[in-house]
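>>> Here's my sequence, what's the structure:
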Amino acid sequence: MDTSQAAGIAKWVTEAGLAGMTELELLHGFCDRLTAAGMPLARVNIVIDTLHPIHEGRVFRWRRDDQGNVDHVVEYGRTNVGGEATANWLRSTYYHLLTSGEDFLRRRIGPGHVEDFAVLEELRAEGQTDYLVLIHRFEAEGVIGEMDSFYSSWTTDVERGFTDEQLLLVRELASPLMLALKCASLARIAKTLVETYLGRDAGSLVLKGRIARGVTDRIQAVLWFSDLRGFTHITEAAAPEQIIPFLNDYSEAIISSICEAGGDVLKLIGDGTLAIFKEEDPSQACRCALRAEQLMRSRIGVLNRDRMAANLPVADAYLGLHIGEVFYGNIGSRDRLDFTVVGPAVNEVSRIAALCRSVERDVLVSSAFFSAASAGEQDCLVSVGRYALRGVSRPQELFTLDPTWTENGEAEQGLLNQVNPHG
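The predicted model follows:
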């Protein structure tokens, strides 16, 4: 590979990073260009820690002889929780570089060469002959969560291994690649963070630039407000270390149901959940909300059986549904904003949900929701009478799910099987 070819690859990876290519696109484009220029690469792995509520990081993989049977992206869990994952990490070449302070490690592979890391035996079995590992560390100001460096491994299967010139070239060209990968990773992390903390729709709007204070849309949406029945008593009676796992279990059942049915969760308030369902057709939004309710009941039922078997406290959810016009956007101070919904309809849905306790119903929906629902959904709802809501000027008729309908497996399953408009 001559100087002009190396400069061309460096130029490509810089422009690709600025263009917003993903980590995998950057890695594959980079390796394809290296091999086309004569670099005898056989396999490359890039390891990137990330900020994610479940995964600690990702491995991006390239193989020269890829026949479509390679997992190009592998997500791995926490390596600091003990067990086999921790043991493997502590024996890895990556951990060696992290703790030794070295920037690279090279091992020849095959007869007569030491195998002081477990991965070398695996590589020998694959026919690899040379192994190079690099670490690219970030300065303190560049650390994002636990992402403080990138690791990479580069192997060849040619008999003589890498030449000194080839090793030097890989090390030099890896730096602009890692810079481009850092840009791509930060973009992905930003998307993960805003969607995790704001919700899918709100997070998408924020990433598109909707961050100015007071910028809101006037929208009509179905509003969901749910709480856990008896949560206060449970927090007083249960052991303190049980409270967070308890909330996580029930939040998973509720939030996954909302998202699967096409809704967006905007806020978690202790054991309460505020969500919206936005559809051009109001009846479709009502249908999605009712489908989410049935998914939630089903999942909480399974959860309660599991928790009771483990002698853990259980709960049920009560839910208020309403439809109305709200302001949807950024509200707050110049330094601290919240992307949420506000308006009388939001207050009203929380009052409806609170009324569930006194009228002993798991679900209450407003007359506006009933009117917006299709005839099929209206058949599933029955009136429970007119009630005065605190802070609402006029009493209104409220509805609940028809007990005979919820006991009808066919009707309930029909709603559960409704197609998710966002799926």
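
>>> hey, what's Asn45 bridged with?
Under DSSP bridges, the beta-bridge partners of Asn45 are Arg61, Ser153.

>>> That one: neighbouring residues, count only.
Counted with other CB atoms under 10 Å, residues neighbouring Asn45 total 19. Every C-beta, even on glycine, is put in place using the N, C-alpha and C of the backbone.

>>> Isn't it up against Leu134?
No - the pair Asn45 / Leu134 is not scored as a contact, 10.8 Å apart, by CB atoms under 8 Å.

>>> what residues do those two have in common as contacts?
By CB atoms under 8 Å, 6 or more residues apart in numbering, Asn45 and Leu134 have these common neighbours: Ser152, Ser153.

>>> what domains does the record give for this protein?
3-196, 199-416 (automatic domain parsing).

>>> Switch the ones you listed over to JSON lines, and while doing so, append mean pLDDT to every line.
Below are the domains of the chain laid out as JSON lines (pLDDT from 0 to 100):
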{"stretch": "domain 3-196", "mean pLDDT": "87"}
{"stretch": "domain 199-416", "mean pLDDT": "88"}
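
>>> Give the other helices and strands that the helix or strand hosting Leu173 contacts.
Taking DSSP states H and E as the criterion, Leu173 maps to helix 164-198. Contacting helix 164-198 under the criterion 3 or more CB pairs under 8 Å, 6 or more residues apart in numbering; DSSP states H and E are the following elements: helix 3-19, helix 23-36, strand 43-49, strand 130-137, strand 149-156, helix 200-207.

>>> Show me the contact partners of the shortest one.
Counting by CB under 8 Å, 6+ apart, strand 43-49 makes contact with 23, 27, 31, 56-64, 94, 126, 128, 145-155, 181, 185, all of which sit outside it.

>>> tell me the angle that strand makes with helix 164-198.
Angle of strand 43-49 versus helix 164-198, following axes from the mean of the first three to the mean of the last three CA atoms, to 10 degrees, is 40 degrees.

>>> CA atoms of strand 43-49 as CSV?
The C-alpha coordinates for strand 43-49 follow below in CSV (Å, rounded to 0.1, in the frame of the first residue of the first chain):
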residue,chain,number,x,y,z
ARG,A,43,-11.0,-10.3,10.8
VAL,A,44,-11.5,-7.1,12.8
ASN,A,45,-13.5,-6.4,16.0
ILE,A,46,-14.2,-3.0,17.5
VAL,A,47,-15.5,-2.9,21.1
ILE,A,48,-17.4,0.2,22.2
ASP,A,49,-18.9,0.7,25.7
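
>>> what about that strand, distance to the chain center?
Distance of strand 43-49 from the chain centroid (CA atoms, centre = their mean, to the nearest Å) equals 21 Å.

>>> Could you tell me the angle between the top strand by length along the chain and helix 200-207?
Counting by DSSP state E, the longest strand found in the chain is strand 316-332. Strand 316-332 runs at 10 degrees relative to helix 200-207, counting by the same axes, to 10 degrees.

>>> and strand 316-332, which strands flank it?
Strand 316-332 pairs in its sheet with strand 216-229 (antiparallel), strand 337-342 (antiparallel), strand 363-365 (parallel), by DSSP bridges.

>>> just checking, what packs against the helix or strand just after the last one?
What it means is strand 363-365. Counting by DSSP H and E, the next helix or strand C-terminal to strand 363-365 is helix 367-372. Counting contacts by 3+ CB pairs under 8 Å, 6+ apart, helix 367-372 packs against helix 282-309, strand 316-332, strand 396-401.

>>> So which residues make contact with stretch 153-163?
Residues contacting stretch 153-163 (CB under 8 Å, 6+ apart): 40-45, 93, 106, 108-109, 123, 126-134, 170.

>>> Please apply the same query to stretch 247-257.
226, 228, 265, 268, 271, 273, 292-293, 295-296, 299-300, 303, 307, 315, 317.

>>> Dump that stretch to CSV, keeping only the CA atoms.
What follows is stretch 247-257, C-alpha atoms only, in CSV (Å, rounded to 0.1, in the frame of the first residue of the first chain):
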residue,chain,number,x,y,z
LEU,A,247,-41.4,-0.6,40.7
ASN,A,248,-39.2,-1.8,37.9
ASP,A,249,-41.3,-5.0,37.5
TYR,A,250,-44.6,-3.1,37.2
SER,A,251,-43.2,-0.3,35.1
GLU,A,252,-41.9,-2.9,32.6
ALA,A,253,-45.4,-4.4,32.3
ILE,A,254,-47.1,-1.0,31.9
ILE,A,255,-44.6,0.8,29.7
SER,A,256,-44.0,-2.1,27.3
SER,A,257,-47.8,-2.4,26.9
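
>>> So which bits of it are buried?
When burial is assessed from 16 or more other CB atoms under 10 Å, stretch 247-257 yields the following buried residues: Leu247, Asp249, Tyr250, Ala253, Ile254, Ile255, Ser257.

>>> do the same with stretch 316-333
317-324, 326-331.

>>> follow-up on the earlier one: tabulate the buried residues of stretch 247-257 (JSON lines), appending distance to His72 and secondary structure.
Below are these laid out as JSON lines (distance: CB to CB, whole Å; DSSP: H, G, I helix; E, B strand; the rest coil):
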{"residue": "Leu247", "distance to His72": "36", "secondary structure": "helix"}
{"residue": "Asp249", "distance to His72": "33", "secondary structure": "helix"}
{"residue": "Tyr250", "distance to His72": "36", "secondary structure": "helix"}
{"residue": "Ala253", "distance to His72": "32", "secondary structure": "helix"}
{"residue": "Ile254", "distance to His72": "34", "secondary structure": "helix"}
{"residue": "Ile255", "distance to His72": "29", "secondary structure": "helix"}
{"residue": "Ser257", "distance to His72": "32", "secondary structure": "helix"}
